[in-house]
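Q: What follows is a predicted protein model with its sequence.
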2 protein chains.
Amino acid sequence: MVNNWGYLGIKIDADLYGCRVVPDDLELIKRGMLSAANLANMNVVGEDFHKFHPQGLSGHLTLAESHMDVSIWPEYRFAEIDIRSCGDNAEPDRAMIHLINIFQPSEGWVERRYTGIFDQKRTPSGLYLPPSEHPRTVTYSLNDYIAFVDSSRTEKSRL
Amino acid sequence: MVNNWGYLGIKIDADLYGCRVVPDDLELIKRGMLSAANLANMNVVGEDFHKFHPQGLSGHLTLAESHMDVSIWPEYRFAEIDIRSCGDNAEPDRAMIHLINIFQPSEGWVERRYTGIFDQKRTPSGLYLPPSEHPRTVTYSLNDYIAFVDSSRTEKSRL
């Protein structure tokens, strides 16, 4: 892998199983997502929320920094969260931790990867790097992800 | 991996580099996404589209079968597509191929994975299977993905 890669965005996807809390209330989900965006320095520019029958919820926020989606299958106590982010100020992992805490899953995993990878030694128009030189997708168990986010914050506060 | 796993959803993510077409027109993107949903037997229940300044587009469709998102960085000729789907009738790969054809990328990759994995021998409430028993995420080059979708269709038409 090249040393000087840069990226346009981060994608963080969580699959949450055995959720102890599966709110069947759009307003609750919306409040949770708006708080998550706020904590993560992400700016909401649009939204789309739906409740399905007999069950199921879907929530979307369009962000100046990309977007955030939550889909809930209450009958399976299962929730999916997708957070996309770009820019230097956003802290999408803080948003993810906030949402995980709302659902209180018993198990799950979080996939985290960079997108729009480029070689900083080249001009941005030469954005493409062959996949063999891309940073890898990392899949964390829930506990490992929480530990990763904690350690990143400690790292930052030391700088 | 267990043999009798089932799943609630499919996630298909594409990172498209060197796009020859990067429409800077919300209506064009929206028409493309609506056609993609239609081709894939997915039902649109909501939408949220935004144009950023000085550049950049973000499009979202909420679907009865989950959701579809497109983010475009015209300055880098880079586009990200996320398609989420559930249910037996949806054909999310058809939607993805339609969108890839619109952008005409020179390079890229497609990540495809199942979510909400369960063991069909257990009751649905015992949804969780340990990640070691989950089917793996598959990452395709663009050409390999197109070949995979073609072969799946041929397979289906033989049945």
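A: Structure received. The shown structure was predicted, so the numbers you read here are calculated from the model rather than taken from an experiment.

Q: what are the pairing partners of the worst-scoring helix or strand of chain A on mean pLDDT, and which direction each?
A: Scoring the helices and strands of chain A by mean pLDDT, DSSP states H and E places strand A:118-119 at the bottom, with a mean of 77. Looking at strand A:118-119 with DSSP bridges, its partner strands are strand A:5-6 (antiparallel).

Q: Helices of chain A, residue ranges please.
A: Assigned by DSSP state H, the helices in chain A fall at A:26-39, A:92-103, A:142-158.

Q: who's in contact with A:P135?
A: A:M1, A:W5, A:Y7, A:R113, A:Y114, A:I117 (Cβ atoms under 8 Å, 6 or more residues apart in numbering or on different chains). For glycine as for every other residue, the C-beta is placed from the backbone atoms N, C-alpha and C.

Q: What's the separation between the fourth one and chain B?
A: The reference is to A:R113. As judged by Cβ to the nearest Cβ, to the nearest Å, A:R113 and chain B stand 8 Å apart.

Q: What does the pLDDT read for the closest residue to that residue other than its chain neighbours?
A: Spatial nearest neighbour of A:R113, excluding adjacent residues (Cβ to Cβ, 6 or more residues apart in numbering or on different chains): A:T137 at 4.0 Å. At A:T137, the model reports a pLDDT of 85.

Q: how about the most centrally placed residue in chain A, what does it touch?
A: Central residue of chain A (Cα atoms, centre = their mean): A:I83, 2.9 Å from the mean position. Listed by Cβ under 8 Å, 6+ apart, the contact set of A:I83 reads A:K11, A:I12, A:D13, A:S66, A:H67, A:M68, A:D69, A:P92, A:A95, A:M96.

Q: Please tell me how far the fifth one sits from chain B.
A: Meaning A:H67. The gap separating A:H67 from chain B is 6 Å, by Cβ to the nearest Cβ.

Q: burial measure for the closest residue to that residue other than its chain neighbours, as a count.
A: For A:H67, ignoring the flanking residues on the chain, the nearest one in space by Cβ to Cβ, 6+ apart is A:R84 at 5.2 Å. As a burial measure, A:R84 scores 25 neighbours (other Cβ atoms under 10 Å in any protein chain shown).

Q: try A:T62
A: For A:T62, using other Cβ under 10 Å, the count is 24.

Q: repeat for the one 4 residues further on
A: Each residue near A:S66 was counted by other Cβ under 10 Å, and the total is 26.

Q: same check, this time on A:R136
A: 10.

Q: With A:H53 instead?
A: Counted with other Cβ under 10 Å, A:H53 comes out at 5.

Q: Phi first, then psi, for it.
A: phi -120, psi 140 (degrees, to the nearest 10).

Q: OK, contacts around the residue nearest to A:R113?
A: A:E111, A:R112, A:R113, B:E111, B:T137, B:T139.
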